[in-house]
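Trainee: Provided below are the primary sequence and the corresponding predicted coordinates.
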Amino acid sequence: MGKINTVFEECDILVVGGGMGGTGAAYEARYWGRDLKIVIAEKANIDRSGAVAQGLYAINCYMGMQWDENQPEDHVRYARNDLMGLVREDLAYDMARHVDSTVHKFEEWGLPMIRDPETGRYQREGKWQIMIHGESYKPIVAEAARKSADKIYNRIMITHLLMDESKSNRIGGAVGFNVRTGDFHIFKAKAVIVGAGGASHIFKPRSTGEGMGRTWYAPWSSASAYALPIQVGAKMTQMENRIVLCRFKDGYGPVGAYFLHLKTHTQNAYGDQYEANWYEHTKAMVGDYIDHQPTPTCLRNHAFIEEVKAGRGPIHMVTTEAFQDPHLETIGWENFLGMTISQAVVWASQDIDPKYVNPELTTSEPYVMGSHATCSGAWASGPEDLSPDEYYWGYNRMMTVDGLFGAGDALGGTPHAFSSGSFTEGRLAAKAAVKYIRDNKNDKLKISEKQYQDLKEIIFKPMKTYETYRNEIVGGTVSPSYLLPMHGLQRLEKIMDEYAGGISVNYMTNEPMLKRGLELLGTLQEDLEYSGAEDLHQLMRAWELKHRTIASECVVQHTLFREETRWPGYYYRGDHMKLDDDNWHCLTLSQRDPESGEWTMEKAPVYHIVD
Ligand SMILES: Cc1cc2nc3c(=O)[nH]c(=O)nc-3n(C[C@H](O)[C@H](O)[C@H](O)COP(=O)(O)OP(=O)(O)OC[C@H]3O[C@@H](n4cnc5c(N)ncnc54)[C@H](O)[C@@H]3O)c2cc1C
């Protein structure tokens, strides 16, 4: 390892991660903070980064208030219903009331929207989704961020947040390294907005071996959005609320357009529509929630999982009817070509033409994220005009660390935001961050050299470890003195899969398994002190693994705390197989002590601010 260059940057607002939330934050920060210095630090390149990198075929959250299609209240009811009663309604409402203006901006910036030829309105795919020609969605929003930020640092992986030493519990910036040059980067910032996406690859994926990189959620979403706040003691919420997706087998191709637009349906291996057969069984577990419309996503998964367990799999999507219509056939294929090309490739490689063969579906491994159909993430303040006292501490979307904000997957309690809602949350967070900076303009941040020099040692240690010990072995990759990131990742995925409710146990766990899982995660974390990285790419992998492991520990703590099965189809607590509204109609909160690593768990009330 040669000499490491240090690059120092001082700014007002640092945006960590230039995905949908981060680009929205940079755009809005400039609007309210014309005179402020706004910087983005992004692990990849904002033009093609994050979950929207490949493009999307639909914007999944648009109210259509201009045509009185939906109101924010409707969206809160929808999200609450899908999450079995538990969301932060203040945050959900706040996002929903602003999301249409975000979508209108996307169109203004050049995103091709599909319009209904008869009404002239945006073409709906379902009640909330509108269809787009979205291959270039991400470059379009990235351009807005590029024009707004003073500086964009691409290829910087942020590993730790910095804390102000003149005031307790106040953010001071972040540090990381350039994954191409190896430079050490220090960002001193008055406010930090985390938009670093959710977490794939914490549970063992169905795809293994050479296909391991093929997961539903982007493989580069490495839980930094959770690990960064957790490391500085921010409170987290609903981290047990992982998501399991029903998707086309092996390619994880999306099913939304098929169900909603092509009007396809599912059947078991014997051609029966099975969902209704599980009604009584599910009702015994969750009561009236099974009667809610639309049926919550987890409960539809539950019927799927039970049907396969009963020996009547595989489950197929019936495409052979819709695909006889050339228009629908085109839409079916375009749906993949615009966002999940790999599904089309998988079908071609497996001789599946959906016009003649009904393709298989499967349920995915679990993922942790806060912007899709689940709501894991940081506990944040809501807006002044909506939030009850317990949900409000001065600045919208500010976490429990002063000056630390979040958007998109990073924030908890706000499901069904999707791409447009995440961008909107970034905007809301940035507006509040500007106000925070103005209100605290006399703050003088103190970041000692010791704070960042200590972190520099920690960050580059895996490369030093590798260099020191690599000659102990003459072949292969297994060393007595270090653990490579891939080895550690597979160990993490196995622990989470087997003990925290992954695919190999049919999403089942219980208290003894979770406690054992925590012990194993503890020894994994001890061993990660001996991570070895042979180059900068592996150094990034080593830090992604550390972030994933910290977030996983949080997931297990939450899963252990909630003694019920709230979301059958996402996971099951075998020792508490029923939904228990008397004791658990609440949000769960965790906090990790940065010094001791000890976790504290508590319940927070759910306030229903919409009827
Ligand atoms: C498979 C899939 C399909 C989806 N389909 C749709 C759809 O059809 N319609 C829709 O509206 N929404 C869809 N979504 C949802 C949408 O993509 C997300 O809601 C949205 O991207 C979340 O925004 P975000 O900013 O939180 O994360 P992202 O957009 O993923 O951005 C996170 C950013 O942080 C960066 N980053 C990560 N770690 C670090 C670090 N340590 N340091 C610096 N940078 C870092 C990443 O590189 C990335 O740029 C889909 C999501 C997935 C996963």
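Mentor: Structure's in. What do you need?
Trainee: How confident was the prediction at the residue in the stretch 351-500 of the chain positioned nearest to the ligand?
Mentor: Per C-beta to the nearest ligand atom, the residue of the stretch 351-500 of the chain with the smallest distance to the ligand is G408, at 2.2 Å. C-beta here means a position set from N, CA and C on the backbone, and glycine is covered the same way. The predicted structure scores G408 at 98 on the pLDDT scale.
Trainee: Wait, it touches V194, no?
Mentor: No. G408 lies out of contact with V194 (C-beta atoms under 8 Å); the separation is 9.1 Å.
Trainee: Look up how far G126 lies from V255.
Mentor: For V255, the distance to G126 (C-beta to C-beta, to the nearest Å) stands at 12 Å.
Trainee: Comparing those two, which shows the higher neighbour count?
Mentor: Remark: of V255 and G126, V255 carries more neighbours, 18 against 15, as counted by other C-beta atoms under 10 Å.
Trainee: which residues sit in contact with the more buried one?
Mentor: Shown here is V255, whose contacts under the criterion C-beta atoms under 8 Å, 6 or more residues apart in numbering are C246, R247, F248, M317, L361.
Trainee: Number of residues surrounding the fourth one?
Mentor: Yep, that's M317 we're talking about. Residues lying near M317 (other C-beta under 10 Å) number 24.
Trainee: How about residues contacting the strand or helix carrying it?
Mentor: In this assignment (DSSP states H and E), M317 forms part of strand 316-318. Residues from elsewhere that reach strand 316-318 (C-beta under 8 Å, 6+ apart): 248, 255, 258, 264-269, 354, 358-361.
Trainee: Just put those residues in JSON lines and tack on distance to the ligand and secondary structure.
Mentor: What follows is those, written out as JSON lines (distance: C-beta to the nearest ligand atom, whole Å; DSSP: H, G, I helix; E, B strand; the rest coil):
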{"residue": "F248", "distance to the ligand": "12", "secondary structure": "strand"}
{"residue": "V255", "distance to the ligand": "11", "secondary structure": "coil"}
{"residue": "Y258", "distance to the ligand": "13", "secondary structure": "helix"}
{"residue": "T264", "distance to the ligand": "17", "secondary structure": "coil"}
{"residue": "H265", "distance to the ligand": "20", "secondary structure": "strand"}
{"residue": "T266", "distance to the ligand": "20", "secondary structure": "strand"}
{"residue": "Q267", "distance to the ligand": "25", "secondary structure": "strand"}
{"residue": "N268", "distance to the ligand": "26", "secondary structure": "coil"}
{"residue": "A269", "distance to the ligand": "27", "secondary structure": "coil"}
{"residue": "P354", "distance to the ligand": "19", "secondary structure": "coil"}
{"residue": "N358", "distance to the ligand": "23", "secondary structure": "coil"}
{"residue": "P359", "distance to the ligand": "18", "secondary structure": "coil"}
{"residue": "E360", "distance to the ligand": "18", "secondary structure": "strand"}
{"residue": "L361", "distance to the ligand": "15", "secondary structure": "strand"}
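Trainee: ok, now which ones touch the residue of the stretch 1-150 of the chain found nearest the ligand?
Mentor: Across the stretch 1-150 of the chain, no residue is closer to the ligand than G19, which sits at 1.6 Å (C-beta to the nearest ligand atom). Shown here is G19, whose contacts under the criterion C-beta under 8 Å, 6+ apart are I46, S49, G50, A51, V52, G195, A196, G197, G408, S422.
Trainee: now with 10 Å?
Mentor: G19 makes contacts with 42-44, 46, 49-53, 138, 141-142, 145, 195-198, 218, 221, 225, 371, 407-410, 419, 422-423, 426, as judged by C-beta atoms under 10 Å, 6 or more residues apart in numbering.
Trainee: Let's see which of those residues end up in helices.
Mentor: For those, membership in helices holds for K138, V141, A142, A145, A225, S419, S422, F423, G426, with DSSP state H as the criterion.
Trainee: Just send these back as CSV, with pLDDT too.
Mentor: Conversion of those to CSV gives the following (pLDDT from 0 to 100):
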residue, pLDDT
K138, 97
V141, 98
A142, 98
A145, 98
A225, 98
S419, 98
S422, 98
F423, 98
G426, 98
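Trainee: hang on, the earlier thing: now for G408 and V194: what residues contact both?
Mentor: G17, G21, G22, A25, A225, G377, A429.
Trainee: was I right about the fourth one contacting A429?
Mentor: Read it as A25. Yes. Contact between A25 and A429 holds when scored by C-beta atoms under 10 Å: they sit 5.6 Å apart.
Trainee: which parts of the stretch 151-300 of the chain sit against the ligand?
Mentor: Remark: the part of the stretch 151-300 of the chain in contact with the ligand comprises M157, I158, G195, A196, G197, W216, Y217, A218, W220, S221, S222, S224, using C-beta under 6 Å from any ligand atom.
Trainee: Pick out the most distant pair among these.
Mentor: I158 and W216 (24.6 Å; C-beta to C-beta).
Trainee: Around M285, how many other residues sit close by?
Mentor: Neighbours of M285 (other C-beta under 10 Å): 18.
Trainee: And for K263?
Mentor: The tally of other residues near K263 (other C-beta under 10 Å) stands at 10.
Trainee: Who are the contact partners of the closest residue to the ligand within the stretch 451-600 of the chain?
Mentor: When distances are taken as C-beta to the nearest ligand atom, the stretch 451-600 of the chain reaches nearest to the ligand at H547, 6.7 Å away. By C-beta under 10 Å, 6+ apart, the residues touching H547 are 157-159, 196, 199, 202, 222-228, 230-231.
Trainee: quick one: buried residues of the helix or strand harbouring it?
Mentor: Secondary structure assignment for H547, by DSSP H and E: helix 536-561. Within helix 536-561, the residues scored as buried using 16 or more other C-beta atoms under 10 Å are 536, 538-561.
Trainee: just stretch 134-153 next, same as before
Mentor: When burial is assessed from 16+ other C-beta under 10 Å, stretch 134-153 yields the following buried residues: 134, 136-146, 148-149, 152-153.
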